[in-house]
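A.B. asks: here you go, sequence then predicted model.
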Amino acid sequence: PATRRFHFNVEWKSVTRLCHTKKILTVNGKYPGPTISVYEGDEVEITVTNRISANTTLHWHGVRQMRTGWADGPAYITQCPIQSNRSYKYRFKIINQRGTLWWHAHLSWQRASVHGAFIIYPRMPYPFSTPIAAEIPIIFGEWWNGPVEAIVADTIMYGSGPNVSDAYTINGLPGPLYPCSVKDTFVQAVEHGKTYMIRLINAALNDELFFSIANHTMTVVEVDATYVKPFTTTSIMLTPGQSTNVLLTPDRPSKPGATFPMAVAPYATALVPFDDTTAVGFITYRDVTKGSHDDHPALIPTTPPDLSFLPGVRDTRFATEFGNRHRSLASSAYPCNVPKKVEKRVFLTISLNLQDCPPGKVCKGLNGKRFSASINNQSFALPSASVLQGYYRNITTGAPLRSDFPENPLHPFNYTSPGLDSNMNSEFGTKLLVVPYGATLEFVLQDTGFINVENHPIHIHGHNFFVVGTGFGNFDADRDPARYNLVDPPERNTVAVPSGGWAALRLKADNPGVWYVHCHLEAHTTWGLAMAFVVENGPGDSQSILPPPKDLPLC
Ligand code: C2O
């Protein structure tokens, strides 16, 4: 193991896409940002310097941060923001994790352009025998011609509905189907018969996305940095926050220079006005006699490729079956540690809600109101200093120091029938769920009926969890647990809670600290679809959170 050091400057950089030039927030001037590559067991030190006039923080999405919650990054949860011209050194160790994760800004919607891959190389060989010719990170993102800040302001102030970006991107490039964009196309050279590992990350703000490569299948081997039993598929579905490793073996009988399109397009479950455009890139078969200097094809096909190799925008059947195919590897080297019994089941409803409009404003939600969103009808409000400092350093934050978050819905109702009054209201506050060190927990996440247009990608910080069951309709506490997969459920950090359905997760709360739980659709987090849970210190020092670093930012 080594100590890996990185220096990240958060700074503005002028970038042009779709013939619009504007300043976007970046790390070290790059969009997407630099890739962090480390090995399992390494110590990691990332010094982040804020070179903008606003606050910022960075988060290492999926890194477990065992006892180092101070380095997790969500603003006002584990730290106060890094102020302008200040630095903070994020220090943590990679313990028993390997695979593809990512990092992103965790304040307001800064992650729109402040994100990159976080790759943990394993200490042991990959658990599949195919030799890998090359690894290819592919990050899905979004591009706005206008300022993202204005969209955020709209979403917060007027509760306007899902915003629409101007393009999806593949490694920052929209591809030829957008105006003025042919030159900004991602092209990957490959050799016939070799096997490549593609590390897919969905960094989009508000859209679940399908990914396919024309005439090629892919083998899924890992999700959210945990190995799965390999399975072959024509398409991948990723929610914001999720990552998936696939193996690709280009096997088409084709001439060198042949190109095949790859495409990224959204998935939603209902007809709503939103962006259903498609980002396109290409793989091109390399002429092995020429070496790699000739990799970019002279001509990117400009006639729109036939996109019938992608699932349709509302292909819930594909999305559901794809999700159901995931199984933990559950081998002797990588056992599946799903808790067979749990000490506590917490039942959480996930809702969109309506709030009255602030006086004198015109709201763009519904019926002259603005949207909010909630868990058990609690819309999470960020406190004035970090909850972690509040809980573990006795700093006054406005958040309580006791467990006051409702562990069940306040008013049980028929969750999946549309438009019920009991589901319309939410109250803003900073309630916490406090659990003892080592508790085994089950979270049942129940989607509710008002405005079902997409799955909710729920992300838990500081822990992985096992997805032991999912289903449509209302969760049935008598019947459904009998059908849980307690043998090889997938282990993840972000789960798609089915629109009009539920997901049951199990985890062991073995990481003392304060952990954010939220929808990874940025609009929903902004509206309050979040909560925080506290894991108390255990009896021994090695079960307690480490002291905060000296340079931890103060509010
Ligand atoms: Cu990917 Cu709370 O974040």
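C.D. replies: That came in fine, so what should we check first?
A.B. asks: tell me the buried residues in the helix or strand of the chain with the lowest mean pLDDT?
C.D. replies: Lowest on mean pLDDT, DSSP states H and E among the helices and strands of the chain sits helix 148-158, with a mean of 79. Under the neighbour-count criterion of 16 or more other C-beta atoms under 10 Å, helix 148-158 has 148, 151-152, 155, 158 buried. Every C-beta, even on glycine, is put in place using the N, C-alpha and C of the backbone.
A.B. asks: show me what it is packed against.
C.D. replies: helix 522-526 (3 or more C-beta pairs under 8 Å, 6 or more residues apart in numbering; DSSP states H and E).
A.B. asks: follow-up on the earlier one: using PDB, write out every CA atom in the least confident helix or strand of the chain.
C.D. replies: The C-alpha coordinates for helix 148-158 follow below in PDB (Å, rounded to 0.1, in the frame of the first residue of the first chain):
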ATOM      1  CA  VAL A 148     -26.800  25.800 -14.500                       C
ATOM      2  CA  GLU A 149     -27.000  28.200 -11.600                       C
ATOM      3  CA  ALA A 150     -30.200  29.800 -13.100                       C
ATOM      4  CA  ILE A 151     -31.900  26.400 -13.300                       C
ATOM      5  CA  VAL A 152     -31.100  25.600  -9.700                       C
ATOM      6  CA  ALA A 153     -32.500  28.900  -8.600                       C
ATOM      7  CA  ASP A 154     -35.700  28.200 -10.500                       C
ATOM      8  CA  THR A 155     -36.000  24.700  -9.000                       C
ATOM      9  CA  ILE A 156     -35.500  26.000  -5.500                       C
ATOM     10  CA  MET A 157     -37.500  29.200  -5.700                       C
ATOM     11  CA  TYR A 158     -40.300  28.300  -7.900                       C
END
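A.B. asks: show me what that helix is in contact with.
C.D. replies: With C-beta atoms under 8 Å, 6 or more residues apart in numbering as the test, helix 148-158 has contacts from 24, 108-109, 112-113, 144, 160, 163, 357-358, 361-365, 370, 523, 526-527.
A.B. asks: quick one: what helix or strand has the closest residue to Asp287 other than its chain neighbours in it?
C.D. replies: Leaving out its chain neighbours, the residue that sits closest to Asp287 by C-beta to C-beta, 6 or more residues apart in numbering is Pro256, at 3.3 Å. Under the criterion DSSP states H and E, no helix or strand holds Pro256.
A.B. asks: tell me if I'm right that Pro256 and Tyr285 touch.
C.D. replies: Yes: judged on C-beta atoms under 8 Å, Pro256 makes contact with Tyr285 at a distance of 5.5 Å.
A.B. asks: ok, the two, which is more surrounded?
C.D. replies: Tyr285 (19 against 15; other C-beta atoms under 10 Å).
A.B. asks: tell me the spacing between that one and Gly513.
C.D. replies: 49 Å (C-beta to C-beta, to the nearest Å).
A.B. asks: residue closest to the middle of this structure?
C.D. replies: Nearest residue to the geometric centre of the chain (C-alpha atoms, centre = their mean): Gly241, 0.9 Å.
A.B. asks: so what's that one up against?
C.D. replies: Counting by C-beta under 8 Å, 6+ apart, Gly241 has contacts 61, 202, 457, 459, 493-494, 520.
A.B. asks: element containing it?
C.D. replies: Using DSSP H and E, no helix or strand contains Gly241.
A.B. asks: and the buried residues of helix 148-158 as CSV, adding distance to the ligand?
C.D. replies: Formatted as CSV, these follow (distance: C-beta to the nearest ligand atom, whole Å):
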residue, distance to the ligand
Val148, 17
Ile151, 19
Val152, 16
Thr155, 17
Tyr158, 24
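A.B. asks: any stretches of this protein with poor pLDDT?
C.D. replies: 161-163, 271-273, 291-299, 302, 418-422 (pLDDT under 70).
A.B. asks: what number of residues lie near whatever residue of it ends up closest to the ligand?
C.D. replies: At 3.7 Å from the ligand, His61 is the closest residue in the chain, using C-beta to the nearest ligand atom. Residues near His61, counting by other C-beta under 10 Å, number 27.
A.B. asks: over to Tyr126?
C.D. replies: So Tyr126, with other C-beta under 10 Å, has 18 neighbours.
A.B. asks: what does this structure have sitting close to the ligand?
C.D. replies: Within the chain, the residues that sit near the ligand (C-beta under 6 Å from any ligand atom) are 59, 61, 74, 104, 106, 241, 459, 461, 516, 518, 520.
A.B. asks: just the ones in strands from those residues, please.
C.D. replies: 59, 61, 104, 459, 516, 518 (DSSP state E).
A.B. asks: all helices for the stretch 201-350 of the chain, in order.
C.D. replies: All helices of the stretch 201-350 of the chain, identified by DSSP state H, counting those that start in this stretch, fall at 316-324.
A.B. asks: how far does stretch 367-387 stretch from start to finish?
C.D. replies: End-to-end distance of stretch 367-387 (C-alpha to C-alpha, to the nearest Å): 35 Å.
A.B. asks: which parts of it are buried?
C.D. replies: Applying 16+ other C-beta under 10 Å to stretch 367-387 flags 369-380, 382-383, 385-387 as buried.
A.B. asks: now that stretch, how far from the chain's geometric center?
C.D. replies: Its chain's C-alpha centre and that of stretch 367-387 lie 20 Å apart, by C-alpha atoms, centre = their mean, to the nearest Å.
A.B. asks: cool, and stretch 404-416?
C.D. replies: 26 Å.
A.B. asks: next one: stretch 533-542
C.D. replies: How far stretch 533-542 lies from its chain's middle: 26 Å, per C-alpha atoms, centre = their mean.
A.B. asks: show residues contacting it.
C.D. replies: 387, 391, 403, 405, 432-439, 462, 509-515, 517, 543-545.
A.B. asks: show me the residues you listed that map onto strands.
C.D. replies: Using DSSP E, the contacts of stretch 533-542 in strands are 432-435, 513-515, 517.
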